[in-house]
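S.K.: Sequence first, then the predicted structure:
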Amino acid sequence: MIAQGGDGLSRGALNEGVMRGEDFLSFIPFHLSAFEREPKLMDWVQDLVNTSTTIATFLTLDDWFERGHDISEWSTRLANHSVPIIHPLRAI
């Protein structure tokens, strides 16, 4: 907040961060995933979720559309339309 400028705004500091004209989005690390921002997060989630019957599965951006929606494969039916074949997500 100090570098972004919001911390000093209530005290009239108008020459820091976004008040000086810097881009607000440059202070938000959207280019990093939660696991990149906090390396211990994946271990923490696994400790919470993993039991004898469940295992945490972490999907990449490429996995999300199909595996994240339980699509295991595609089938071509009438008029060459592809339809998803859905099976519950299983840990791999």
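M.R.: Perfect, I can see it now.
S.K.: where do the helices sit along this protein?
M.R.: 6-9, 34-37, 41-49, 61-64 (DSSP state H).
S.K.: Deepest-packed of these, please.
M.R.: Most buried of the helices of the chain by mean neighbour count (mean count of other Cβ atoms under 10 Å) is helix 6-9; its value is a mean of 15. Where C-beta positions appear, they are placed from N, C-alpha and C, glycine not excepted.
S.K.: Compute the mean per-residue pLDDT across that one, please.
M.R.: Average pLDDT, helix 6-9: 62.
S.K.: Nearest the middle, which residue of this protein would you pick?
M.R.: Note on the chain: the residue nearest the mean C-alpha position is residue 33, at 5.6 Å, using Cα atoms, centre = their mean.
S.K.: any idea how far it lies from residue 66?
M.R.: 19 Å (Cβ to Cβ, to the nearest Å).
S.K.: can you pull the pLDDT of residue 62?
M.R.: For residue 62, the predicted pLDDT is 83.
S.K.: in the protein, which spans are strands?
M.R.: Secondary structure of the chain by DSSP state E: the strands cover 71-76, 82-86.
S.K.: how about those strands, which one is nearest residue 51?
M.R.: Closest to residue 51 of those, according to Cβ to Cβ: strand 71-76, at 23.8 Å.
S.K.: packing partners for that closest one?
M.R.: Counting by 3 or more Cβ pairs under 8 Å, 6 or more residues apart in numbering; DSSP states H and E, the packing neighbours recorded for strand 71-76 are strand 82-86.
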